[in-house]
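Trainee: fold the following and give me the result.
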Amino acid sequence: MIRKNAPVAAVAFVALALFLLWLWKPERQVRLHTSHFLKNVERRNWDRARDFLAPGYTDRWQHDRDTAMGDAREAFRQFLFLTVENHTDSCDMDGDHATAHTVVRISGSGGPVAQLVMERVNDLHNPFLFVWHKASWKPLDWELERVDHPELSTERFGGF
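Mentor: Presented below is the predicted three-dimensional model:
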């Protein structure tokens, strides 16, 4: 009985190993992490979104990990309904660092601040830059170090 099942088990093991190698490719992980981070923003799950940010997170708007989540929470609080669509056009890989060039579109309904956020983000011509760092040897351990967009001003709230 064991001899009959050994080839099936070997094939299943090889298939699983190939799937994990495909899934754990660094570029694929960066794309997935970017999408999952934005999905948590859409759901306004701030604790989960914060978990994606590196302890040393900084950006051009002088945010750290806590102020970035606080300002995002305040801006997205204005939405009654929210959808954050994203598409990563490309990833630049450089060792343990990666930059995802991601187009973000926001739709929904809410107050005047929500309308302003949607207009400002949806009128951008270039993608956002999500800069990631691999924090350890684990294939899933990527942390968001910085978010940037050259078209947004350096004022707090990104010129909103």
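Trainee: longest single strand anywhere in this structure?
Mentor: In the chain, assigned by DSSP state E, the strand with the most residues is strand 79-94.
Trainee: what strand or helix carries residue 50?
Mentor: Assignment of secondary structure by DSSP states H and E places residue 50 within helix 46-52.
Trainee: export that helix to PDB, keeping only CA atoms.
Mentor: Once non-C-alpha atoms are left out, helix 46-52 reads as follows in PDB (Å, rounded to 0.1, in the frame of the first residue of the first chain):
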ATOM      1  CA  TRP A  46      -5.600  50.400  10.800                       C
ATOM      2  CA  ASP A  47      -4.000  47.800  13.100                       C
ATOM      3  CA  ARG A  48      -3.300  45.400  10.200                       C
ATOM      4  CA  ALA A  49      -2.200  48.200   7.900                       C
ATOM      5  CA  ARG A  50       0.200  49.500  10.600                       C
ATOM      6  CA  ASP A  51       1.700  46.000  10.800                       C
ATOM      7  CA  PHE A  52       3.000  46.400   7.200                       C
END
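Trainee: can you pull the buried residues of that helix?
Mentor: Using 16 or more other C-beta atoms under 10 Å as the test for burial, helix 46-52 gives 49, 50, 52. C-beta: built from backbone N, CA, C; applies to glycine.
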